[in-house]
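Q: take this sequence and fold it.
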Amino acid sequence: MRKYAALFFLIMFMIGTDTFLISPLLPTLQTQFGVSTGIAGWMLGSYTLGSAVFALIAGPLSDGWNRRTVLLSGLLGFSISTILCGFADSFWTICLFRFLAGVSAAFTAPQVWASIPAIMPASRVSKTMGIAFAGLAASQAFGVPIGSWLAVAHWSVPFWTIGIASLLLIAVAFYSMPDMKPSTRERTSILRRYLPLITSGKARSGFLAYLLLHLGSGTAFAFVGKWMADRFELPIGQIGTVMMFLGFGTLLGSMISTYAIRKLGHANAVVVGMSMLMVLYTVMPHLMNLPIVTIVYLIIFATLGIIFPIVMGMLTSLNASVRGTISSLANSTMNGANTLGAWIAGLLYVQLGGYSSIGIFSAVCIALSLGTFLFGGVLGRKSARTGAESASAS
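A: Residues are numbered from 1 along each chain as shown. As a prediction, this is how the structure comes out:
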């Protein structure tokens, strides 16, 4: 069973690395393709756009298919489109290949979460889920910096490396994973699967708040590499080193989340954490010392590492009968917010005073998110406790 845990960890590590890789590469790619700062963010946004749009249908559709086939097909598309990114010769071609990589990731990632309960013993489901999530955190801590260091040789090298490594994972998955065919042939329309969420006021509030939370954090992250290059004149290798600490922050947050929840409670942990984020996002763009900026970003990502699992637990507890659809909608919401954030970040950076305007925008989004969570009833004591239990059970 350990081979499955290792496989899922590596798949999520590759997807996570590919997702976040563009941010430190953004200054280099902007120069390579001769595009303005205002539209450069679409090299990141095209990936999240593809993932956001197709995640809405990938999850519900795959419930009626063999999950092994869907995972292998999605991973193959992800590998090929990522390799093609390294051969892009213009801004529009890299946006196209990034979009296709995002579409493929939308079919691949949900199968990881859905496959774990299907092939792992019940006693090891929770632990394997944690290992898969650790793959995402590790991609920020190690995958993105390594990609940045590889890009010192040439900007194409990280894309080729991720693509080829993913092809190797396909071979491992092909020979190790069992078939996971649906238990029933009954076909349910996609809209009907979403209907319980559409008609629930608490669900609408929860997903709106989740959108605002990711919009704030995603907008700030999209141009952090560009800002560091402009403010501190960092080359791409050093930007990758700083990014490593952002990933360490996510790992730290996941490690201390249990302690924070035990001390504060689920709802209070979210309130305190999001209040801290408002202050840090506003202050950080005005800091002039790189080590201090690095520490602040480590704290920001550690805080996000505590908040996101709690919030996801609350969302998945909204309706136990459609948890797969909730996961797909959450993934689409996250990527949709990051797509919009990349576009907004470019406009703010160029038109409204650089990174300081991005910091204010992020703080406002976090404030609106917290208010929506509170007034929508999603952060009630009962829902918080149930959400946490749901997350642990999943």
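Q: ok, now which ones touch L315?
A: Neighbour list for L315: G206, F207, Y210, I326, A330, V378, G387 [criterion: Cβ atoms under 8 Å, 6 or more residues apart in numbering]. Yep, even glycine has a C-beta here, placed from its N, CA and C like the rest.
Q: biggest separation within those residues, which pair?
A: Within the contacts of L315, two members stand farthest from each other by Cβ to Cβ: F207 and G387, at 13.7 Å.
Q: out of those two, which sits in the busier spot?
A: For F207 versus G387, neighbours defined as other Cβ atoms under 10 Å are more numerous around G387 (26 against 22).
Q: export the helix or strand harbouring C365 to PDB, keeping only CA atoms.
A: Secondary structure from DSSP states H and E places C365 in helix 355-375. The C-alpha trace of helix 355-375 is given here as PDB (Å, rounded to 0.1, in the frame of the first residue of the first chain):
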ATOM      1  CA  TYR A 355       2.900  45.800  -5.500                       C
ATOM      2  CA  SER A 356       1.500  48.000  -2.700                       C
ATOM      3  CA  SER A 357      -1.900  48.200  -4.500                       C
ATOM      4  CA  ILE A 358      -1.900  44.400  -4.800                       C
ATOM      5  CA  GLY A 359      -1.300  44.200  -1.100                       C
ATOM      6  CA  ILE A 360      -4.300  46.400  -0.300                       C
ATOM      7  CA  PHE A 361      -6.500  44.500  -2.800                       C
ATOM      8  CA  SER A 362      -5.500  41.200  -1.200                       C
ATOM      9  CA  ALA A 363      -6.300  42.500   2.300                       C
ATOM     10  CA  VAL A 364      -9.700  43.800   1.200                       C
ATOM     11  CA  CYS A 365     -10.500  40.400  -0.400                       C
ATOM     12  CA  ILE A 366      -9.500  38.600   2.800                       C
ATOM     13  CA  ALA A 367     -11.700  41.000   4.900                       C
ATOM     14  CA  LEU A 368     -14.700  40.400   2.600                       C
ATOM     15  CA  SER A 369     -14.000  36.600   2.700                       C
ATOM     16  CA  LEU A 370     -14.000  36.600   6.500                       C
ATOM     17  CA  GLY A 371     -17.200  38.600   6.700                       C
ATOM     18  CA  THR A 372     -18.900  36.300   4.200                       C
ATOM     19  CA  PHE A 373     -17.800  33.200   6.200                       C
ATOM     20  CA  LEU A 374     -19.200  34.800   9.400                       C
ATOM     21  CA  PHE A 375     -22.500  36.200   8.200                       C
END
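Q: please renumber so the chain begins at 366
A: New numbering, starting at 366: the last item is helix 720-740.
Q: now that helix: buried residues?
A: 720-735, 737-739 (16 or more other Cβ atoms under 10 Å).
Q: for stretch 453-470, same thing?
A: By 16+ other Cβ under 10 Å, the buried positions in stretch 453-470 come out as 453, 456, 459-470.
Q: what packs against the helix holding C730?
A: Secondary-structure packing of helix 720-740 (3 or more Cβ pairs under 8 Å, 6 or more residues apart in numbering; DSSP states H and E): helix 566-587, helix 589-597, helix 631-648, helix 688-716.
Q: lowest average pLDDT across these?
A: Note on the helices and strands packed on helix 720-740: lowest mean pLDDT is at helix 688-716, with a mean of 79.
Q: quick check: angle from that one to helix 720-740?
A: Inter-element angle recorded for helix 688-716 and helix 720-740: 150 degrees (by axes from the mean of the first three to the mean of the last three Cα atoms, to 10 degrees).
Q: re the thing from before, got the angle for the helix holding C730 vs helix 589-597?
A: Going by the same axes, to 10 degrees, helix 720-740 makes 140 degrees with helix 589-597.
Q: list the contacts of helix 720-740.
A: 570-571, 573-578, 580-582, 584-585, 588, 592, 596, 635-636, 639-640, 642-644, 646-651, 676, 709-710, 713-714, 743-744.
Q: let's see it at 6 Å
A: Applying Cβ atoms under 6 Å, 6 or more residues apart in numbering, the contact partners of helix 720-740 are 570, 573-574, 577-578, 580-581, 584-585, 592, 639, 642-643, 646-647, 649-650, 710, 713, 744.
Q: ok, now stretch 399-413?
A: Stretch 399-413 is touched from outside by 387, 391, 394-395, 456, 459-460, 463-464, 466-467, 587, 700, 703-704, 707-708, 710-711, 714-715, with contacts defined as Cβ under 6 Å, 6+ apart.
Q: just stretch 569-583 next, same as before
A: Here stretch 569-583 makes contact (Cβ under 6 Å, 6+ apart) with 669, 680, 698-699, 702-703, 706, 727, 730-731, 733-734, 737-738, 741, 743.
Q: follow-up on the earlier one: which one of the contacts of L680 is nearest A625?
A: G752 (15.2 Å).
Q: is it true that S416 touches A471?
A: Yes - counting by Cβ atoms under 6 Å, A471 is a contact partner of S416 at 4.5 Å.
Q: more neighbours: which of these two?
A: For S416 versus A471, the count of surrounding residues by other Cβ under 10 Å is larger for S416: 30 against 26.
Q: okay, the more buried one: pLDDT?
A: With respect to pLDDT, S416 scores 80.
Q: please identify the helix or strand for it.
A: helix 407-427.
Q: now that helix against helix 688-716, angle please.
A: 170 degrees.
Q: ok, back up a step: to P543, which of the helices and strands packed on helix 720-740 lies closest?
A: Closest among those, once you apply Cβ to Cβ, is helix 688-716, at 19.0 Å.
Q: burial count for A370?
A: 20.
Q: so it sits against I496, correct?
A: Yes - in this structure, A370 is within contact of I496 by Cβ under 6 Å, at 4.7 Å.
Q: those strands in the stretch 366-515 of the chain, which residues are they?
A: Assigned by DSSP state E, counting those that start in this stretch, the stretch 366-515 of the chain shows no strands.
Q: tell me the secondary structure for L683?
A: coil (DSSP: H, G, I helix; E, B strand; the rest coil).
Q: for it, what are its contacts?
A: Applying Cβ under 6 Å, 6+ apart, the residues near L683 are A568.
Q: now do 8 Å
A: So, once contact is read as Cβ under 8 Å, 6+ apart, L683 ends up touching L562, S565, K567, A568, G571, I691.
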